[in-house]
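*Asks:* Provided below for reference: sequence and predicted model.
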Amino acid sequence: MTQAGESAGTRGQVARLILELGPCTAATIGGRLGLTPAAIRRHLDNLIADGMIETRTARTYGNRGRGRPAKVFVITDAGRSAFEHA
């Protein structure tokens, strides 16, 4: 399979996982698929650009500490309908 084909297949796996798990973080997705954070980010960025997923700020309970707030990724209506037709 070509690299573009592999990338599209992995992107589909990422989107399907978000569909199945509901809102989840990049770390959760990477752990499930065994991919590096950089690889996951690339697939997530492409899925966002395609309108298949969107980001939301994760809810925090208690004292959150320093750094950026965690993002969760959720499937959009367009992303959901793409799987219904497949």
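*Replies:* Perfect, thanks for sending it. Numbers count the residues shown, from 1 in each chain.
*Asks:* And for A70, the neighbour number?
*Replies:* Here the number of neighbours of A70 (other Cβ atoms under 10 Å) works out to 14. For glycine as for every other residue, the C-beta is placed from the backbone atoms N, C-alpha and C.
*Asks:* for the one 3 residues further on, same thing?
*Replies:* For F73, the number of neighbouring residues by other Cβ under 10 Å comes to 25.
*Asks:* ditto for A8
*Replies:* 14.
*Asks:* for G31, same thing?
*Replies:* 12.
*Asks:* Quick one: residues contacting the closest residue in space to R32 that isn't next to it in sequence.
*Replies:* Among residues not flanking R32 along the chain, L17 sits closest, at 5.9 Å (Cβ to Cβ, 6 or more residues apart in numbering). L17 is in contact with 24, 29, 32-33, counting by Cβ atoms under 8 Å, 6 or more residues apart in numbering.
*Asks:* repeat for I18
*Replies:* So I18 contacts 24, 29, 53, 73-75, 79 (Cβ under 8 Å, 6+ apart).
*Asks:* Was I right to think V14 contacts D45?
*Replies:* No. Between V14 and D45 there is no contact under Cβ atoms under 8 Å: 10.8 Å.
*Asks:* Tell me which of these two has more neighbours.
*Replies:* V14 (26 against 11).
*Asks:* Quick check: what element follows the helix or strand where that one lies along the chain?
*Replies:* In the assignment (DSSP states H and E), V14 maps to helix 3-21. As assigned by DSSP H and E, the chain's next helix or strand after helix 3-21 is helix 26-33.
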